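Peer 1: sequence first, predicted model second:
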Number of protein chains: 2
Amino acid sequence: MAVYTDITEGALRGFLEAYDIGRLTAYKGIAEGVENSNFLLHTTEGPFILTLYEKRVNPDDLPFFLGLMEHLAARGISCPLPLTRRDGTLLGELAGRPAAIITFLEGIWLRQPEAPHCAALGRALAGLHRAGEGFALKRANALSVEGWRPLWEKARERADEIAEGLRAGIDAELAFLERSWPKGLPSGVIHADLFPDNVFFIGDALTGIIDFYFACNDTLAYDVATCLNAWCFDDKSGVYDAAKGQAFLAAYQAERPLTPDEVAALPLLARGSALRFFLTRAYDWLSMPPGALVVKKDPLEYWRKLRFHQTIETAEGYGLTG
Amino acid sequence: MAVYTDITEGALRGFLEAYDIGRLTAYKGIAEGVENSNFLLHTTEGPFILTLYEKRVNPDDLPFFLGLMEHLAARGISCPLPLTRRDGTLLGELAGRPAAIITFLEGIWLRQPEAPHCAALGRALAGLHRAGEGFALKRANALSVEGWRPLWEKARERADEIAEGLRAGIDAELAFLERSWPKGLPSGVIHADLFPDNVFFIGDALTGIIDFYFACNDTLAYDVATCLNAWCFDDKSGVYDAAKGQAFLAAYQAERPLTPDEVAALPLLARGSALRFFLTRAYDWLSMPPGALVVKKDPLEYWRKLRFHQTIETAEGYGLTG
């Protein structure tokens, strides 16, 4: 939930002069995204999203993110398209922040996706991976294996405040993953944060993918592993749902078959992905001031998922067949 | 800034079955209003606002608020119109809260209104006061003179934490207002919270008035006094802007001339209105947990306005002419 920066209508009008999008008729700050400030604009041309990039986003990465959305949209992926300004650029400045306007995607994110939605996700993710080919810019994954220890160092001392034994458990897991993290798997542009709140549906039809602000170049199957974590566990019980995993993986494979190496690495990638989300949540949890009116995401959810993946020996454990 | 309650798309779909508003295509929590949770819905019929009434709103007051909007809209006031459900009622329940859907008003609230906007406000406020006549339901103003002392008792002990001398200053002002609060002035339905964020404009044209959740029966001129406080001071310097006040009062009078008693009472009403907003802000200020990610509204702004009104002897001091 966001909206960190408020904007005045005068500043917004000035900003909009650089665009050809009709006359502004309404704008509302929306509680969406945790990294940036987002506003829904209505103009005489329709609805748009205005994003102000806050300090957690490195401005040097913006050409990658915005260029990627342009690249993907041009290849038929339903994702927000950054609007081009009168001067030909995609990025302006508003309230002292880099700012862009992107198209508004209709659709609703599902709080409780079911197996058919996971299948739609699998198809869309494979399509995204294929459409990313040929994108010229590069961005390293700052939250892959090399990034985990520095993050862990900031949380480690106080980790047992979250749960007893966590420090030792993560110490061991991190050391294991650093030793055995797979190399040389097929790589390309990954979304890297494909949680349900970033995927829109109308009914059972997937209508769009948003929030490319963690996108980077990395192992494609790492995105697959993240989707297993983010979509295929039962929210209430925390138990892995093999029907969802099976639907997701089969649909992904139908569009982009996983190589044998990718299949073999899946349990390891899923552990790494679970660790990555555990670490950012643990850091946020420990650095949040008490009483802050923000929903803290529970880091233990990802510790539990990690321990489940530790029990999985082959991708068949996720429901992968064939 | 709000959105206290999140809703699932499943619960929302169920709730929408009671309405005839087409198919849901998107919904976003919006950062608007501080008392309730608000969502902007897109359906195949257009945009709508969904409001979940949180605990600061007494459910017994909802028929007054919703009925008032219906009454005003039927008399040509541009305000949100509550949608009627299939069963003929205006109110349902969602996520355990009373909830209603109202029409979406295009328009933008002005962070820095100028004199022409104050004139438009004056016309609209007089129109609102006239359109309120004949509304059958009644609601007392819980935040008028009888409500101030109980509120002050909750803040008084710690008031000097906000500024030294505040306790003695408010003690004296409150005692004075309790003795001299005007009685018998023309009364009717007042908005009671007509700040700039509740009035929409497109360009210089006023397009709508929203947020009737403080509306009540009280002295009409008290609404006039609140607008002087909320619209006619310079934001940066804190100085009263007689050009704005003059524009606002003249436009109001053109639609509904103030009686001589109302004119004479205006400085007193402005002091009372300033005290009312000082008190709720002081209470919120002192009860906010440290570190809460909410913009605290500065109570001292209203203490300064109050002291200005103490220096005004007649309504001419506000720019009232004729």
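Peer 2: Perfect, I can see it now.
Peer 1: so what angle separates the directions of the helix or strand containing residue A:51 and strand B:46-52?
Peer 2: Using DSSP states H and E, residue A:51 sits in strand A:46-52. Between strand A:46-52 and strand B:46-52, the angle comes out at 50 degrees (axes from the mean of the first three to the mean of the last three C-alpha atoms, to 10 degrees).
Peer 1: packing partners of the helix or strand where residue A:151 lies?
Peer 2: Using DSSP H and E, residue A:151 sits within helix A:145-155. Judged by 3 or more C-beta pairs under 8 Å, 6 or more residues apart in numbering or on different chains; DSSP states H and E, helix A:145-155 is in contact with helix A:166-180, helix A:260-287. (Each C-beta comes from the backbone N, C-alpha and C, glycine too.)
Peer 1: next up, the contacts around the residue lying closest to residue A:207 once chain neighbours are set aside.
Peer 2: Closest residue to residue A:207 apart from its sequence neighbours, by C-beta to C-beta, 6 or more residues apart in numbering or on different chains: residue A:107 at 3.7 Å. Contact partners of residue A:107, counting by C-beta atoms under 8 Å, 6 or more residues apart in numbering or on different chains, are A:200-202, A:207-208, B:25-26.
Peer 1: among the residues you listed, name the buried ones.
Peer 2: Neighbour-count burial (16 or more other C-beta atoms under 10 Å in any protein chain shown) applied to the contacts of residue A:107 gives A:200-201, A:207-208, B:25-26.
Peer 1: among those residues, which ones are in strands?
Peer 2: Judged by DSSP state E, strands contain the following of the buried ones among the contacts of residue A:107: A:200-201, A:207-208, B:25-26.
Peer 1: assign the residue most central in space within chain A to helix, strand or coil.
Peer 2: Centroid-nearest residue in chain A, with C-alpha atoms, centre = their mean: residue A:193, separated by 1.6 Å. The assignment at residue A:193 comes out as coil when based on DSSP: H, G, I helix; E, B strand; the rest coil.
Peer 1: for the one helix or strand residue A:69 maps to, name the packing helices and strands.
Peer 2: Using DSSP H and E, the element containing residue A:69 is helix A:62-74. If you count contacts as 3+ C-beta pairs under 8 Å, 6+ apart, helix A:62-74 packs onto strand A:97-103, helix A:115-131.
Peer 1: can the shortest one be found next to chain B?
Peer 2: No. No part of strand A:97-103 sits near chain B under the criterion C-beta under 8 Å from any C-beta of the partner chain; the closest distance found is 12.6 Å.
Peer 1: can you give me how far the helix holding residue A:151 is from the chain middle?
Peer 2: 19 Å (C-alpha atoms, centre = their mean, to the nearest Å).
Peer 1: on that earlier part again, and the helix holding residue A:69 with helix A:115-131, angle?
Peer 2: Per the same axes, to 10 degrees, the angle that helix A:62-74 makes with helix A:115-131 is 110 degrees.
Peer 1: and after helix A:62-74, which helix or strand comes next?
Peer 2: Counting by DSSP H and E, the next helix or strand C-terminal to helix A:62-74 is strand A:92-94.
Peer 1: one step back: what sits against the nearest residue to the residue nearest to the centre of chain A once chain neighbours are set aside?
Peer 2: Distances taken as C-beta to C-beta, 6+ apart place residue A:214 nearest to residue A:193, at 4.0 Å, with adjacent residues excluded. Counting by C-beta under 8 Å, 6+ apart, residue A:214 makes contact with A:143, A:191-193.
Peer 1: list just the nearest of the residues you listed to residue A:287.
Peer 2: Checking the contacts of residue A:214 against residue A:287 with C-beta to C-beta, the nearest one is residue A:143 at 16.4 Å.
Peer 1: for residue A:275, give me its contacts.
Peer 2: Applying C-beta under 8 Å, 6+ apart, we find residue A:275 in contact with A:148, A:170, A:173-174, A:177, A:302, A:306.
Peer 1: want to throw those into CSV with distance to residue B:152, pLDDT and neighbour count?
Peer 2: Converted to CSV, the contacts of residue A:275 look like this (distance: C-beta to C-beta, whole Å; pLDDT from 0 to 100; neighbours: other C-beta atoms under 10 Å in any protein chain shown):
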residue, distance to residue B:152, pLDDT, neighbour count
A:148, 54, 97, 22
A:170, 52, 97, 22
A:173, 57, 98, 22
A:174, 56, 98, 19
A:177, 60, 98, 19
A:302, 48, 96, 21
A:306, 54, 97, 23
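Peer 1: from those residues, which single one is nearest chain B?
Peer 2: Here the nearest of those to chain B, counting by C-beta to the nearest C-beta, is residue A:302; it sits at 20.3 Å.
Peer 1: which secondary structure element is home to the closest one?
Peer 2: Assigned by DSSP H and E, residue A:302 belongs to helix A:299-310.
Peer 1: which residues does that helix contact?
Peer 2: Applying C-beta under 8 Å, 6+ apart, the contact partners of helix A:299-310 are A:162-163, A:166, A:169-170, A:173, A:229, A:233, A:238, A:240, A:267, A:270-271, A:274-275, A:277-278, A:281-282, A:285.
Peer 1: put the buried members of those into a ChimeraX selection.
Peer 2: In ChimeraX, a selection of the buried entries from the contacts of helix A:299-310 looks like this (16+ other C-beta under 10 Å):
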select /A:162,166,169,170,173,229,233,240,267,270,271,274,275,277,278,281,282,285
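Peer 1: tell me where the model's unsure across the stretch 151-300 of chain A.
Peer 2: A:289-296 (pLDDT under 70).
Peer 1: where does residue A:100 land on pLDDT?
Peer 2: Looking at residue A:100, its pLDDT reads 97.
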